[in-house]
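> quick one: sequence plus predicted model below, questions after.
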Amino acid sequence: MVDEQFKIMKLCYDVAFKSIFINCTSVLYQMISDITGISINELNNDALIFNSELEIKHVKSKRMLSDLIILCNNKIINIEINKNYQSWTYNRNISYLCNIYSSLLRKTNSYKKFTRYELYQINFNIGKNTPCTYSKDMIIDTKTSKIATNFLRIYNINIDKCYKVLYNEEKKKKLSKIVAWGALFNASTIYEVKEIIRKDSYNKN
């Protein structure tokens, strides 16, 4: 019998993150679906894990190594684990995603064709720098406050803050699916993993 207090490597470490999600794609696709709303059937049928080292387009270009890239039909999903989240981290992750997007453009293609592409950036952030537990960012028209384009969605999930929600007495009975995933990235024992899964199971949304 395995001791539930036995220490495990946290998912927020690159080695554990890539090892688990690359080898257990059903778990990876469920996480993406819970966060973004992309159909789990579409992910299971059509998603492909892409090389995490992005193409260098110029001899002086900076080397780009993303944590995990998934292509699914017209959807490009980039997942990043951000340690010591800084103001420039947001810019770096967007550059990764846009680099993948631009690499799909061909000389003979019209830009109109590429309006069908959807870009998803999922940031799992460590530390207190991100302002909230979870946020979804999009490009908006500041004059009308309406969404300017639907092609880009950015999800920021603060691992530490999600983990604290797990032990918040007021939210003791259930966790939202997104907060549950964030908390799971910070779990260090088998007991905690079971506790997060148990609380998440109360959420029917």
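Okay, I see it. Numbers count the residues shown, from 1 in each chain.
> from here on, just use CA atoms for contacts and neighbour counts.
OK.
> Asp137 in helix, strand or coil?
Here Asp137 is strand, with the state taken from DSSP: H, G, I helix; E, B strand; the rest coil.
> can you count the residues close to it?
Counted with other CA atoms under 10 Å, the neighbours of Asp137 add up to 11.
> give me the pLDDT for it.
Asp137 carries a pLDDT score of 86 in this model.
> that one pairs with what?
Counting by DSSP bridges, Asp137 forms beta bridges with Ile154.
> ok, it - contacts?
Listed by CA atoms under 8 Å, 6 or more residues apart in numbering, the contact set of Asp137 reads Arg153, Ile154, Tyr155, Asn156.
> quickly list what the most centrally placed residue in the chain is bridged to.
With distances taken as CA atoms, centre = their mean, the residue of the chain nearest its centroid is Ile122 (2.8 Å). Under DSSP bridges, the beta-bridge partners of Ile122 are Ile79, Tyr155.
> sorry, back to before: make TSV out of the contacts of Asp137 and add pLDDT.
TSV is the format used below for these (pLDDT from 0 to 100):
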residue	pLDDT
Arg153	90
Ile154	90
Tyr155	91
Asn156	89
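> need these in a markdown table with neighbour count and distance to Cys12, can you?
Formatted as a markdown table, the contacts of Asp137 follow (neighbours: other CA atoms under 10 Å; distance: CA to CA, whole Å):
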| residue | neighbour count | distance to Cys12 |
| --- | --- | --- |
| Arg153 | 17 | 22 |
| Ile154 | 21 | 19 |
| Tyr155 | 19 | 16 |
| Asn156 | 21 | 14 |
